[in-house]
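> need a structure here:
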Amino acid sequence: QVQLVESGGGSVQAGESLRLSCEASGYTYCTYDMGWYRQAPGKEREFVSVLDGDGRTQYTDSVKGRFTISQDNAKRTVYLQMNNLKPEDTAMYYCRTFRGYGPRSCPLNWGQGTQVTVSS
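Now for the predicted structure:
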C-alpha cells in the first residue's frame, strides 16, 4: 500500500491557524487525488476536503471559507491550511488517497491521523 504520513496537528486557541501536511511514499508511478477526513470523539469519521488531479476542490460546508487544500505534486504532499479554527474542529484528522492514476494498480490508503485540538 502507499504510505501516508501526516504532520502538523497540535493544540491551539480558537481563531488560530494550523497547517496539516500529508506525504505519500511508495508506488511512485501513481498520482493520487488526496484529501482529508476527520473524526471527533464519539462521532463518525466525516469528509473534510479533497483535491483532484484537475485542481478541483471540495469542502464540507462547515469548513468552507476557513480551510484551504493544496498539493505539491513534486513532493507528493497534500496540505490543509486551517484558519479561524473553532472548538468544533477538534478531531483526529486523517489523510486519504481517494483515487489513484498510473500504468499499473495504484492502491489506496489512509494515514494514521494527526490530532487537532482547539480550545475556546
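> without its sequence neighbours, what residue ends up closest to residue 8?
Spatial nearest neighbour of residue 8, excluding adjacent residues (C-beta to C-beta, 6 or more residues apart in numbering): residue 20 at 4.2 Å. In short, each C-beta sits where N, CA and C put it, glycine included.
> adjacent strands (with direction) for the one helix or strand the one you found maps to?
Following DSSP states H and E, one finds residue 20 within strand 18-25. The pairing partners recorded for strand 18-25 under DSSP bridges are strand 3-7 (antiparallel), strand 77-82 (antiparallel).
> what's the offset of that strand from the middle of its chain?
In terms of C-alpha atoms, centre = their mean, to the nearest Å, the centre of strand 18-25 is found 7 Å from the chain centre.
> isn't residue 84 up against residue 15?
Yes: if you go by C-beta atoms under 8 Å, residue 84 and residue 15 touch, sitting 5.9 Å apart.
> tell me how far residue 5 lies from residue 22.
7 Å (C-beta to C-beta, to the nearest Å).
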